[in-house]
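Trainee: Structure of the sequence below:
(one chain, ligands or ions: 1)
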Amino acid sequence: MTRAYNFCAGPAALPEAVLQKAQAEMLDYQGKGLSVMEMSHRSDEVVAIAEKAERDLRDLLSIPDQYKVLFLQGGASAQFAMVPMNLSDGTQSADYVNTGQWSSKAIKEAKKYCNVHVVASSEEDNFSSVPDFERWQLSSNAAYLHYCPNETIGGVEFDFIPEVNVPLVADFSSSILSEPLDVSRFGLIYAGAQKNIGPAGICVVIVREDLLGNAIPATPTVFDYKTHADNGSMYNTPPTYAWYLSGLVFEWMKQQGGVEAMGKLNRAKSEKLYQYIDGSGFYANPVAVNNRSRMNVPFTLADASLDKAFLKEAEARRLLNLKGHRSVGGMRASIYNAVPMEAVDALIDFMKDFAQRRG
Ligand code: PMP
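Mentor: Numbers count the residues shown, from 1 in each chain. Now for the predicted structure:
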């Protein structure tokens, strides 16, 4: 069996070593005679797995002590609602930046719970850049400012962390752990797991403690961050297997040299791909150069009628899931932490060959 190169935006490639370890431990976890999937979340084994995963994530991102780390269900989409429910107090307004489809969804959901003020939007340029920070119209009394540092669909990434005097809230679903991050700049960070963390089914929330305990009264118990903070994310049954696999990914990342090493590799991978696209005369990427995502690289072919043939031939070469999001078309190569440089090299070789034959 040879494994294919997987460029899926999510659920995305997982490190092969992680899958192998999970396979080896699948039927009998550490001599217990049970799979992790079959164990109580209150068992010593699962509690130890959960605690180690949290410790390793704290180490990887140097998360300061005054932050809680929560492992929740509902994906990043649940956070679109939980953030305003927990942080807006229902009367205050909240500032949002709109840089693409995921920001737009967060905005739409937040409007159910508070007054949303969109401080800046790149909708006019078809979400192909990050609005210039100098021109953001920040409110004076916002409960928080929300933005999406990496728009997975548009392939647009912030090249700065906004400097604001309200809690900064960020949807890091598609770029968490891809490079070092100063967590202390944020009030709250959330990220669905299925890109750089682990399999789908779990969402990590990193929240400053002083922001807990102010949920609007109608907030369901399971949507109140404090419930999970007070119960080690085990108020109800957590997604234990996804948590275990995420822990294996954190271990793997530490063995690779942590976020510093990942950051260097991710930059090298994406630079190589963009450089090839720009010089190819056949492929194009529409995003402003400073805002090009290191994780999600969308590109178009000079002739869109060749898209189908491109995908078919790519698949025959075991280069999978290159189709762009259904809303934008074209192609997209997602090159998260678990996608090695060899995958990028193989993709570029194929792109060159295709352009030569069909261009
Ligand atoms: N935000 C971003 C940036 C995403 O990429 C995604 C999923 N691709 C989501 C939110 C939604 O995540 P989920 O499907 O886990 O709810």
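
Trainee: Give me the pLDDT for the residue in the chain positioned nearest to the ligand.
Mentor: At 2.6 Å from the ligand, Gly75 is the closest residue in the chain, using Cβ to the nearest ligand atom. No exception for glycine: its C-beta is placed from N, CA and C like everyone else's. Confidence at Gly75, expressed as pLDDT, is 97.

Trainee: Not counting residues beside it along the chain, what's closest to it?
Mentor: Once flanking residues are discounted, Gly75 sits nearest to Gly192: 4.8 Å by Cβ to Cβ, 6 or more residues apart in numbering.

Trainee: That neighbour: neighbouring residues, count only.
Mentor: Neighbour count of Gly192, defined by other Cβ atoms under 10 Å: 28.

Trainee: Surely it is in contact with Ser173?
Mentor: Yes - taking Cβ atoms under 8 Å as the definition, Gly192 is a contact partner of Ser173 at 4.4 Å.

Trainee: overlap in contacts of the two?
Mentor: Both Gly192 and Ser173 are contacted by Gly10, Ala76, under the criterion Cβ atoms under 8 Å, 6 or more residues apart in numbering.

Trainee: ok, now how distant is the residue nearest to Gly75 from Thr221?
Mentor: 22 Å (Cβ to Cβ, to the nearest Å).

Trainee: Give me the domain ranges for this structure.
Mentor: Split into domains by the TED database, the chain comes to 16-256, 257-357.

Trainee: what are the ranges of the strands in the stretch 51-200 of the chain?
Mentor: Using DSSP state E, counting those that start in this stretch, the strands of the stretch 51-200 of the chain run over 67-72, 93-98, 115-121, 145-147, 150-151, 156-157, 168-171, 188-192.

Trainee: what's the closest of those to Met37?
Mentor: Among those, the nearest to Met37 by Cβ to Cβ is strand 67-72 (16.0 Å).

Trainee: and that closest one, what other elements does it pack with?
Mentor: Applying 3 or more Cβ pairs under 8 Å, 6 or more residues apart in numbering; DSSP states H and E, we find strand 67-72 packed against helix 44-61, strand 203-208, helix 225-230.

Trainee: winner for burial among these?
Mentor: Comparing these by mean neighbour count (mean count of other Cβ atoms under 10 Å), strand 203-208 ranks first with a mean of 24.

Trainee: Kindly report the residues of the stretch 101-250 of the chain close to the ligand.
Mentor: Residues of the stretch 101-250 of the chain found near the ligand (Cβ under 6 Å from any ligand atom) are Trp102, Cys148, Thr152, Asp171, Ser173, Ser174, Gly192.

Trainee: And these, which is closest to Lys308?
Mentor: Looking across those and measuring by Cβ to Cβ, the closest to Lys308 is Thr152, at 23.2 Å.

Trainee: Setting aside sequence neighbours, what's the nearest residue to that closest one?
Mentor: For Thr152, ignoring the flanking residues on the chain, the nearest one in space by Cβ to Cβ, 6+ apart is Ser174 at 4.1 Å.

Trainee: pretty sure Phe127 is in contact with Cys148, am I right?
Mentor: No - counting by Cβ under 8 Å, Phe127 stays clear of Cys148, with 10.7 Å between them.

Trainee: Need the residues touching each of the two.
Mentor: Contact criterion Cβ under 8 Å, 6+ apart; residues shared by Phe127 and Cys148: Thr99, Gly100.

Trainee: who's more crowded, these two?
Mentor: Remark: of Phe127 and Cys148, Cys148 carries more neighbours, 28 against 24, as counted by other Cβ under 10 Å.

Trainee: could you check the distance from the more buried one over to Ala48?
Mentor: For Cys148, the distance to Ala48 - Cβ to Cβ - is 34 Å.

Trainee: Equivalent analysis for Val339, please.
Mentor: The gap separating Val339 from Ala48 is 30 Å, by Cβ to Cβ.

Trainee: wait, what's in contact with Asn86?
Mentor: Applying Cβ under 8 Å, 6+ apart to Asn86 gives the contacts Leu211, Leu212, Asn214, Ala215, Ile216, Thr219, Phe223, Asp224, Tyr225.

Trainee: confidence score at the fourth one?
Mentor: So that's Ala215. pLDDT, read off for Ala215, is 96.

Trainee: That one and Val83 touch, don't they?
Mentor: No - contact status for Ala215 versus Val83: not in contact, 10.7 Å apart, counting by Cβ under 8 Å.

Trainee: Looking at those two now, which is surrounded by more residues?
Mentor: Between Ala215 and Val83, counting by other Cβ under 10 Å, Val83 is the more crowded of the two (27 against 22).

Trainee: Pretty sure the more buried one sits against Leu188.
Mentor: Yes - counting by Cβ under 8 Å, Leu188 is a contact partner of Val83 at 6.8 Å.

Trainee: who touches both of the two?
Mentor: Listed contacts common to Val83 and Leu188 are Tyr144, Val169; contacts here mean Cβ under 8 Å, 6+ apart.

Trainee: Report the beta-bridge partners for the residue nearest to Gly75.
Mentor: Beta-bridge partners for Gly192, by DSSP bridges, are Cys203.

Trainee: To Ser246, which of the strands of the stretch 51-200 of the chain lies closest?
Mentor: Across those, closest to Ser246 is strand 67-72 (Cβ to Cβ), at 7.6 Å.
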